[in-house]
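Trainee: Below: sequence and its predicted model.
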Amino acid sequence: MNNFFISKHFTFYELTKTSNAKLIDINRLEGLKVKDKLELVCLKLLEPLRGIFHYPVIIHSGFRCKAVNDLVRGNPNSQHLRGEAVDFHIKGFDDDDGYEKVLKWCKSNIEYGQLIDESRTMANVTVRWIHLSLPDIKHYKQALRYNKGRFEELKFK
């Protein structure tokens, strides 16, 4: 399967990547079924961010087939399974102040389902990202921070 642009700045491969080599092909084949949702994610969520911040938006996770979602211990009802969510950071905005700027802008300017400031620490290495999803029947303007194993309301300094 050849890669292609879903929008001006984002490719299908970016939104369907996984670090598990055995699952990459199935994830991309399944991802084709939700290409229209991935286009909406790009149009309504990612392109506005790229346009405002003028730096590359680095995708950590977009669409996940069930096998990939299970592997990463994702929520069984995750919007990633439907191609409606993306985890990312913006290059150049990857310190605490940068994350706060991006989160504040998203909260005020994007119509989203969930906006979550997430991080995990494994082997003394902390990885941080922002989860952003399209609004759906269960999620509308839900802004959260994942802190010490719990979700709490997203508040700013």
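Mentor: Great, that's in hand.
Trainee: any chance you could map the helices in this structure?
Mentor: 12-15, 24-32, 35-41, 47-53, 66-71, 96-109 (DSSP state H).
Trainee: how about these in a markdown table, adding mean pLDDT?
Mentor: Listed next are those as a markdown table, based on pLDDT from 0 to 100:
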| stretch | mean pLDDT |
| --- | --- |
| helix 12-15 | 98 |
| helix 24-32 | 97 |
| helix 35-41 | 98 |
| helix 47-53 | 97 |
| helix 66-71 | 96 |
| helix 96-109 | 96 |
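Trainee: so of those, which one's packed in deepest?
Mentor: Highest mean neighbour count of the helices of the chain: helix 12-15, a mean of 21 (counted as mean count of other Cβ atoms under 10 Å). Placement of C-beta: from N, CA and C, glycine included.
Trainee: now for that one, which elements pack on it?
Mentor: Here helix 12-15 touches helix 24-32, helix 35-41, going by 3 or more Cβ pairs under 8 Å, 6 or more residues apart in numbering; DSSP states H and E.
Trainee: Now render these as TSV, adding distance to P135.
Mentor: Shown next, in TSV, are the helices and strands packed on helix 12-15 (distance: least, Cβ to Cβ, whole Å):
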stretch	distance to P135
helix 24-32	21
helix 35-41	11
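Trainee: and of these, who's closest to L132?
Mentor: Closest approach to L132 among those (Cβ to Cβ): helix 35-41, 8.2 Å.
Trainee: shouldn't S133 be in contact with L81?
Mentor: No. With contact defined as Cβ atoms under 8 Å, S133 and L81 do not form a contacting pair (11.3 Å).
Trainee: Same list (the helices of the chain) but as TSV, adding distance to G149.
Mentor: Below are those laid out as TSV (distance: least, Cβ to Cβ, whole Å):
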stretch	distance to G149
helix 12-15	28
helix 24-32	27
helix 35-41	27
helix 47-53	28
helix 66-71	20
helix 96-109	19
